[in-house]
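Novice: any chance you can model this:
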Amino acid sequence: MQQLTIGRLAAATGVNLETIRYYERIDLMPKPDRTAGGRRAYEEAHIRRLAFIRRARELGFGIEDIRALQALHEPAAGSCKQVRDIAQAHLDDVRAKLDDLAKLERILARTVAKCSSETAPPCPVLDMLGTSRLGAIQGRQPRR
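Specialist: Okay, here's the model as predicted:
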């Protein structure tokens, strides 16, 4: 296969040039060989690796989880159980976020429903935003 420039790699994978460079700096992507002129020269393996990273990022996996999944993706490097454990932890996080979003949606829906078409305060939404009791309304401590 012909070697690719960083621009062609970006186009082939839909990943921004600066993101590719960042993945190289943090050793998530292997550094490519360089041409005699000093340009990066990517190969098919880089496309596969970057596509793997992009799909994992789209699913919300963090950098360290992707690093672990990549290591487990190597032949005879790990077990499906190890991959499942990483994915299960991520799934648990996603479900917790969905639960938080559902609570937030209910709070906002109730508050917006209390709004009138009056032009002057009081406004339930502004009142809610101005209170330090939002965490109590949600049933948890406010984040700092």
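Novice: shaky segments in this structure?
Specialist: Applying pLDDT under 70 to the chain picks out residues 1, 120-121, 131-144.
Novice: how is it divided into domains?
Specialist: 1-60, 79-144 (automatic domain parsing).
Novice: to residue 67, which of those domains lies closest?
Specialist: Closest to residue 67 of the domains of the chain is domain 1-60 (Cβ to Cβ; 6.2 Å). C-betas here are computed from N, CA, C, even on glycine.
Novice: how far does that closest one sit from its chain's centre?
Specialist: The chain centre lies 18 Å from the centre of domain 1-60; the measure is Cα atoms, centre = their mean, to the nearest Å.
Novice: picking up where we left off before, tell me the most buried of the domains of the chain?
Specialist: domain 1-60 (a mean of 15; mean count of other Cβ atoms under 10 Å).
Novice: next, residue 40: phi, psi?
Specialist: Main-chain dihedrals, residue 40, degrees, to the nearest 10: phi -70, psi 140.
Novice: distance check, the residue most central in space within the chain against residue 80.
Specialist: When Cα atoms, centre = their mean is applied to the chain, the residue found nearest the centroid is residue 60 (3.8 Å). Distance of residue 60 to residue 80, given as Cβ to Cβ, to the nearest Å: 20 Å.
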